[in-house]
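K.L.:
model the following, please.
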Amino acid sequence: MQRRTLTGWGRTAPSAADVASPRSPDEVASLVAAPRVGGDRPHRGVLARGLGRSYGDAAQNAGGLVLDMTGCDRILAVDVEERVVRVEAGVSIDALTRTLLPLGLWLPVVPGTRQVTVGGAIAADVHGKNHHVSGSFGAHVLALDLVAADGEVRTLTPDGPGAEAFWATVGGMGLTGVVVRATLSCIPAETAYAVVRTERARDLDHLLDLLAEDDPDPYSVAWFDALARGPRMGRAVLTRGRLAQVGDLPARLAKHPSSFGAASRGPAVPVLPHGLLNRAMGRAFNELWFRKAPARPTTDVQPLGAFFQPLDGVRDWNRVYGPRGFCQYQFVVPESETDAFRRAVALIAGSGHPSCLNVLKRMGESGPGLLSFPAPGWTLAVDLPVGPGLDRLLDGLDDLVLGAGGRVYLAKDSRLRPDAVEAMYPRLGQFRSARRVLDPDGLFVSDLARRVLL
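P.N.:
The predicted structure follows:
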């Protein structure tokens with residue numbers, strides 16, 4: 001056990017905790033059940049942590065015990081015929097992808113990075129480019145094993161007597177116990193490639209019209225220019241795709257259709273000086289990114305990683321925002337609230353805060369997760385370097401989102417107000433009740449939970 005200072009991927013709000021690194025579910029259970037010296041439970045509680053890709057303080061527990069779950073990373077069984085895989089919760093989406101693709105399988109939902117553990121994907125109920133078609137990650141979890149506050153392991157399923165505990169855990173940000181194993185459904189995948197269509201959208205209205213189309217391809221995402229104003233506001237590059245079949249591949253790729261490439265994650269980014277990423281640089285980057293997309297719609301074949309997780313090719317890309325770190329602000333508003341969505345984009349574009357990595361997607365129906373983020377409508381994620389006035393911008397966005405009946409993603413948050421969370425998550429009371437049944441003494445806790453959920 002080591003005392004370590006932890007942050008989220010945004011590198012803000014650091015806090016120190018005792019970090020233990022269990023290597024098996026049995027060790028997790030022992031650590032959860034073991035009293036501290038003197039016979040008392042850890043006075044600041046226990047929290048599981050994966051690869052640290054929550055942007056804010058969701059995987060931190062100041063003064064308490066944090067369980068680094070990355071050592072519990074075995075793939076326990078793969079049933080190719082039934083398309084089911086059973087894993088320990090510390091296995092990464094990257095490792096799982098590399099195991100499944102040669103077997104002709106893939107996960108139904110993947111987030112924008114493979115550097116996420118299965119346990120983290122369940123805790124945040126992550127979503128991907130196909131939420132409007134396939135829902136979120138939790139919709140494809142067939143069962144999970146949860147270490148409860150008494151150290152006992154409970155098997156939970158989405159239906160039956162343990163359903164409420166299951167759906168409190170899916171999206172529950174690690175506050176119901178420690179997920180140690182999970183059984184996941186898979187989908188067939190002939191190749192490690194996607195057929196991708198790329199086109200430009202001239203403005204925000206054009207982009208929303210394109211995303212609202214009844215498109216046969218299940219995956220869609222748009223990068224958009226968050227700094228452009230006036231008639232170009234919201235101009236974007238939209239990519240839509242499907243999993244490629246062998247017949248879609250050129251001859252050179254068809255020889256090894258399931259080859260996913262080396263595990264190397266590319267060059268590391270140094271910590272850049274504060275202020276280097278300014279509005280002028282942001283405008284230049286946005287212009288370059290828009291112009292590099294083809295002026296006319298094109299279709300090509302891309303590796304799955306390039307389409308689904310392009311930033312995984314750059315290690316430590318979060319350092320580009322400088323020593324103060326950054327906030328990724330992600331919200332969703334109902335599809336009918338396009339006016340509020342436009343106002344939010346205009347507020348960001350006119351704020352003076354540079355934003356280069358801006359992603360817009362369409363979401364489908366909400367899942368049963370009591371604290372799950374996805375809801376029908378438009379979701380936008382923007383990366384904003386920490387700097388003077390950022391709090392005012394984000395508070396203004398909170399008000400817009402609340403007024404439109406939307407919500408902010410807890411896995412990305414580091415500064416929401418408790419009253420805002422109460423309004424954004426109408427099933428929060430039900431979650432608290434389910435949590436009290438699973439953890440009556442409040443053993444499982446995080447900095448995020450103390451700030452806005454408890």
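K.L.:
contacts only, for the most centrally placed residue in the chain.
P.N.:
Centrality entry for the chain: nearest residue to the mean C-alpha point is residue 126, 4.7 Å, by C-alpha atoms, centre = their mean. The contact partners of residue 126, taken as C-beta atoms under 8 Å, 6 or more residues apart in numbering, are 109, 111, 116, 120, 136, 137, 411. All C-beta atoms are positioned from the backbone trio N, CA, C, and that covers glycine.
K.L.:
make TSV from those and add secondary structure, neighbour count and distance to residue 260 to it.
P.N.:
Shown next, in TSV, are the contacts of residue 126 (DSSP: H, G, I helix; E, B strand; the rest coil; neighbours: other C-beta atoms under 10 Å; distance: C-beta to C-beta, whole Å):
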residue	secondary structure	neighbour count	distance to residue 260
109	coil	23	18
111	coil	22	17
116	coil	25	17
120	helix	31	21
136	coil	28	24
137	helix	33	20
411	helix	26	26
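K.L.:
tell me the one of the residues you listed nearest residue 203?
P.N.:
Residue 203 lies nearest to residue 111 out of the contacts of residue 126, by C-beta to C-beta, at 28.1 Å.
K.L.:
now the closest one: how far from residue 95?
P.N.:
Using C-beta to C-beta, to the nearest Å, one obtains 15 Å as the distance from residue 111 to residue 95.
K.L.:
equivalent analysis for residue 372, please.
P.N.:
Per C-beta to C-beta, residue 372 is found 25 Å from residue 95.
K.L.:
neighbour count: these two, which is higher?
P.N.:
Set residue 372 next to residue 95 and count neighbours by other C-beta atoms under 10 Å: residue 372 wins out with 27 against 18.
K.L.:
was I right to think that one contacts residue 173?
P.N.:
No. Counting by C-beta atoms under 8 Å, residue 372 sits too far from residue 173 to count as a contact (10.2 Å).
K.L.:
overlap of the contact sets of the two?
P.N.:
With the criterion set as C-beta under 8 Å, 6+ apart, the contacts of residue 372 and residue 173 do not overlap.
K.L.:
okay, now the unreliable bits of the stretch 251-400 of the chain?
P.N.:
Across the stretch 251-400 of the chain, the ranges flagged by pLDDT under 70 are 262-279.
K.L.:
where exactly do the helices run in it?
P.N.:
With DSSP state H, counting those that start in this stretch applied, the stretch 251-400 of the chain shows helices at 251-254, 279-292, 304-308, 338-349, 390-403, listed in chain order.
K.L.:
and residue 32, which of the ones you listed is closest to it?
P.N.:
Checked against C-beta to C-beta, the stretch from the helices of the stretch 251-400 of the chain lying closest is helix 304-308, at 34.0 Å.
K.L.:
and the closest one, what does it pack against?
P.N.:
Using 3 or more C-beta pairs under 8 Å, 6 or more residues apart in numbering; DSSP states H and E, the elements in contact with helix 304-308 are strand 193-201, strand 236-243.
K.L.:
mind redoing it with 10 Å?
P.N.:
Here helix 304-308 touches helix 93-100, strand 193-201, strand 219-224, strand 236-243, going by 3 or more C-beta pairs under 10 Å, 6 or more residues apart in numbering; DSSP states H and E.
K.L.:
ok, the shortest one: who's next to it in the sheet?
P.N.:
Strand 219-224 pairs in its sheet with strand 236-243 (antiparallel), strand 358-363 (antiparallel), by DSSP bridges.
K.L.:
redo the ones you listed as TSV? Include mean neighbour count.
P.N.:
TSV is the format used below for these (neighbours: other C-beta atoms under 10 Å):
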stretch	mean neighbour count
strand 236-243	22
strand 358-363	22
